[in-house]
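J.: A structural model of the following input is requested.
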Amino acid sequence: MSQTNGIKPVGYFDCPGGGQVVVSGTTAYIAHMAPPHGTTIVDVGDPKTPRKLAEVTIPPGIHSHKVRAVDGVMLTNREGLRGQTPGPNARRGLGIYDVSDPARPREITVWRCGGVHRFTFDGRYAYLSPEIEGYRGNIMMILDLKDPSRPEEVGRWWMPGQWIAGGETPTWNGRDHRCHHPMRAGDRLYVSYWHGGFVILDIEDMGKPRFVSGLDWSPPFPCPTHTTLPIPFPLMGRRVLLVADEDVARLAPAPPSFLWLVDITDETRPVPFSSFQVEGVDGSPAPDYTGCHQPVEEVRGTEIPVAWFAQGLRVVDIKNPHAPREVASFMPPVPEGSGRVCSNDVFVDDRGLIYLIDRKRGLHILERA
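T.: A predicted model of the protein is given here:
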């Protein structure tokens, strides 16, 4: 049974577990966690009765758990599944589709690389985290999709030490420092870099991304940096970056991860100045997938919906950035066959409807009460 506080359930769509949900107009795109399920396209014109339009399937050995759709073009990631060897038909990289008719998605091409983890897309450029031969761990890359059938690399950036083919030597263990995903605001990219923290890049010249600053707090904090979300308006006269650490791959046993607020008014010196944790967390170590994961990436006001893994949906008001507070929440019922909730991603559409996807099963459609 669900538990609500300031949130009203509107509809539900039963589907395999998802990693991301986005909505374009009245069409939802759900990216799934495991093959053969790739991307499900859903009509949410009537959110009370969402209706499946189409599904893109994928072969064994890869997953396609991220999706974006802008102006009739859909992008999906394709990367290797942990612990599995992709087969000969498991093309890794970035899948590009024509969804001008959402009920009949058509593959345009697959931009090939060793795999893409996550990305953002503005309708022209994709900002992504590909695995490229010669580098250790995912790097940052910008692709031009002016002609979706012929993606062209515009620029790339990597953390010094990643380019092992160029003679660089990492100062970290394995793939601890790797690009998770870039987010653009103006001529800046805000790039989460896992246990490498985050970096701010100047992309006024997209062909030559330039390092502006960075900040890494793991260690001493044990969780990797997942999302660096620039707030598109000032808060108390300051420019603020909302940073989510992901509650996985901890460096040591620890309590669940949380949200940070970072002052980037002087972007050369990012300063963390406040944080938010769900009430009731007592500091005891907890299993992975308990704490913070992913805030909504299209900010429409100071209330920020956040997918909080085992804590469901949390709506955090950052109007006073020094004292962020929870103003609403929704705890979905535990999906059948699962031990607990695992809310993985959240999206808000132009109607103000909130879409919450569970990592194990099901999409909830909600609204503020």
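
J.: what stretches of the protein score poorly on pLDDT?
T.: Along the chain, the parts satisfying pLDDT under 70 run over 1-2.

J.: For it, which segments are assigned as helices?
T.: In the chain, no helices are defined using DSSP state H.

J.: Give me the distance between the residue of it most remote from its centre and residue 150.
T.: Distance from the C-alpha centroid of the chain peaks at residue 167, with 31.3 Å (C-alpha atoms, centre = their mean). Distance, residue 167 to residue 150, by C-beta to C-beta, to the nearest Å: 32 Å. From N, CA and C alone the C-beta is placed, and that goes for glycine too.

J.: Then residue 96?
T.: Counting by C-beta to C-beta - residue 96 and residue 150 are separated by 10 Å.

J.: shared neighbours, those two?
T.: Shared contacts of residue 96 and residue 150, defined by C-beta atoms under 8 Å, 6 or more residues apart in numbering, comprise residue 109.

J.: Pick out whichever of the two has more residues nearby.
T.: Shown here are residue 96 and residue 150; by other C-beta atoms under 10 Å, residue 96 has more neighbours (21 against 12).

J.: residue contacts, the residue nearest to that one when sequence neighbours are not counted?
T.: Excluding the flanking residues, the one nearest residue 96 by C-beta to C-beta, 6 or more residues apart in numbering is residue 108, at 4.6 Å. Neighbouring residues of residue 108 by C-beta under 8 Å, 6+ apart: 73, 96, 97, 98, 148, 149.

J.: which residues touch stretch 198-210?
T.: By C-beta under 8 Å, 6+ apart, stretch 198-210 touches 125, 140, 142, 154-157, 159, 182, 184, 187-193, 211-216, 225, 228, 241, 243, 264, 267, 270.

J.: repeat that for 6 Å
T.: Residues from elsewhere that reach stretch 198-210 (C-beta atoms under 6 Å, 6 or more residues apart in numbering): 142, 154-155, 157, 187-193, 212-214, 225, 228, 267.

J.: what about that stretch, how long is it end to end?
T.: Start and end residues of stretch 198-210 are separated by 14 Å (C-alpha to C-alpha, to the nearest Å).

J.: ok now that stretch, how far from the chain's centre?
T.: Remark: stretch 198-210 is offset 20 Å from the chain centroid, using C-alpha atoms, centre = their mean, to the nearest Å.

J.: Next: stretch 277-293.
T.: Averaged C-alpha coordinates place stretch 277-293 at 19 Å from its chain's average position (C-alpha atoms, centre = their mean).

J.: ditto for stretch 331-339
T.: With C-alpha atoms, centre = their mean, you get 22 Å for stretch 331-339.

J.: contacting residues around that stretch?
T.: With contact meaning C-beta under 6 Å, 6+ apart, stretch 331-339 is reached by 1, 2, 3, 312, 340, 341, 358, 360, 361, 362, 364.

J.: Let's see it as PDB, backbone CA atoms only.
T.: Written as PDB, here are the backbone C-alpha positions of stretch 331-339 (Å, rounded to 0.1, in the frame of the first residue of the first chain):
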ATOM      1  CA  MET A 331       6.100   5.900  -0.900                       C
ATOM      2  CA  PRO A 332       5.000   3.400  -3.600                       C
ATOM      3  CA  PRO A 333       3.900  -0.100  -2.700                       C
ATOM      4  CA  VAL A 334       6.700  -2.700  -2.800                       C
ATOM      5  CA  PRO A 335       6.600  -4.200  -6.300                       C
ATOM      6  CA  GLU A 336       5.600  -7.800  -6.500                       C
ATOM      7  CA  GLY A 337       8.700 -10.000  -6.200                       C
ATOM      8  CA  SER A 338      10.800  -7.300  -4.600                       C
ATOM      9  CA  GLY A 339      11.900  -6.900  -1.000                       C
END
